[in-house]
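S.K.: Model the structure of this input:
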Amino acid sequence: MYELVKRISDCILAVILLCVLLPLLFIISVLILFDGTGGPIFSDDPERVGKGGKRFRMYKFRSMIPQAHNLLKSNPSYRKIAKKLSSRNCKLPSKEDPRVTSVGRFLRRWDLDEIPQLVNVIIGQMSIIGPRPYYVEELMKLKDENLEFLVNTVTSVRPGITGLWQVSGRNELTIKQRLKMDAEYARERTVLMDIIILIKTPIVVLFRIGAW
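M.R.: You can find the predicted model right below:
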């Protein structure tokens, strides 16, 4: 019953939000199109891992230069950034990452780059609320660190646009802390927990709690 209610609620809320935000989606698309970097409107990030380990493309407005993920590995000028990411084991603040565009910094500040994921929700690849979807390489690394049980727990449910991690520290947490929190949600999720997370999300976004 929980799964049925959640899926119906997800679809209804996602459709309503997309309709309401349509003018904003158009404005953001134009800003990205003319940001001077010559890249696509949507992010070209690698695929993410969804429920049951299935890979999917997570739709996001592009907030970085084109091929930002690949450049981190192949371009020597980004070696220092790659080292920082590896040592911190979490995301870098936008102001410290030269790959983030000027438009991208604004989008990230207010989480506007995440809006297209409502399409993933309607398709059935994501939920409004759930564990944040991981990259394939992130989960492989976590499995190598003997955290396979937590990884399997997290990927037993649909990933979400927002979730327990996002309203409980977010970028201030390491990826291992995030994984444990996501696994906790996957094990204990209830309608009440989802409602609390949904209420907390706009507060976290507006007051920039744990966000960079």
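S.K.: okay, now residue 182: neighbour count?
M.R.: Neighbouring residues of residue 182 were enumerated by other CB atoms under 10 Å; the total is 26. From N, CA and C alone the C-beta is placed, and that goes for glycine too.
S.K.: An error on my part: the question was meant for residue 143.
M.R.: Around residue 143 there are 14 other residues, counting by other CB under 10 Å.
S.K.: what's the answer for residue 129, then?
M.R.: For residue 129, using other CB under 10 Å, the count is 27.
S.K.: Ok, residue 99 next?
M.R.: Using other CB under 10 Å: residue 99 sits among 19 other residues.
S.K.: Identify the residues contacting it.
M.R.: 64-65, 68, 71-72, 78, 81 (CB atoms under 8 Å, 6 or more residues apart in numbering).
S.K.: Cross these against helices and list the overlap.
M.R.: By the criterion of DSSP state H, membership of those in helices covers 68, 71-72, 81.
S.K.: Scan these and report the most crowded one.
M.R.: Counting neighbours by other CB under 10 Å, residue 68 leads the ones in helices among the contacts of residue 99 with 23 neighbours.
S.K.: how much space between the nearest residue to it once chain neighbours are set aside and residue 65?
M.R.: Spatial nearest neighbour of residue 68, excluding adjacent residues (CB to CB, 6 or more residues apart in numbering): residue 99 at 4.3 Å. To residue 65, residue 99 is 5 Å away according to CB to CB, to the nearest Å.
S.K.: how close does the residue nearest the centre of the chain get to residue 50?
M.R.: A centroid search over the chain (CA atoms, centre = their mean) returns residue 132, at 5.5 Å, as the residue closest to the centre. Using CB to CB, one gets 11 Å for the distance from residue 132 to residue 50.
S.K.: shared neighbours of those two, anything?
M.R.: Going by CB under 8 Å, 6+ apart, residues that sit against residue 132 and also against residue 50 are residue 159.
S.K.: thinking residue 153 is in contact with residue 186, fair?
M.R.: Yes. Residue 153 is in contact with residue 186 according to CB atoms under 8 Å; the separation is 5.0 Å.
S.K.: Return the residues in contact with the closest residue to residue 35 other than its chain neighbours.
M.R.: Counting by CB to CB, 6+ apart, residue 103 is the residue found nearest to residue 35 once chain neighbours are left out, at 4.5 Å. Counting by CB under 8 Å, 6+ apart, residue 103 makes contact with 31-32, 35, 63.
S.K.: what helix or strand is residue 103 on?
M.R.: Assessed by DSSP states H and E, residue 103 sits inside helix 102-109.
S.K.: now that helix, how far from the centre of its chain.
M.R.: For helix 102-109, the separation from the chain centroid amounts to 15 Å (computed by CA atoms, centre = their mean, to the nearest Å).
S.K.: What of stretch 36-56?
M.R.: With CA atoms, centre = their mean, you get 10 Å for stretch 36-56.
S.K.: Enumerate the positions of it that are buried.
M.R.: 37, 39, 42-43, 45, 48-51, 56 (16 or more other CB atoms under 10 Å).
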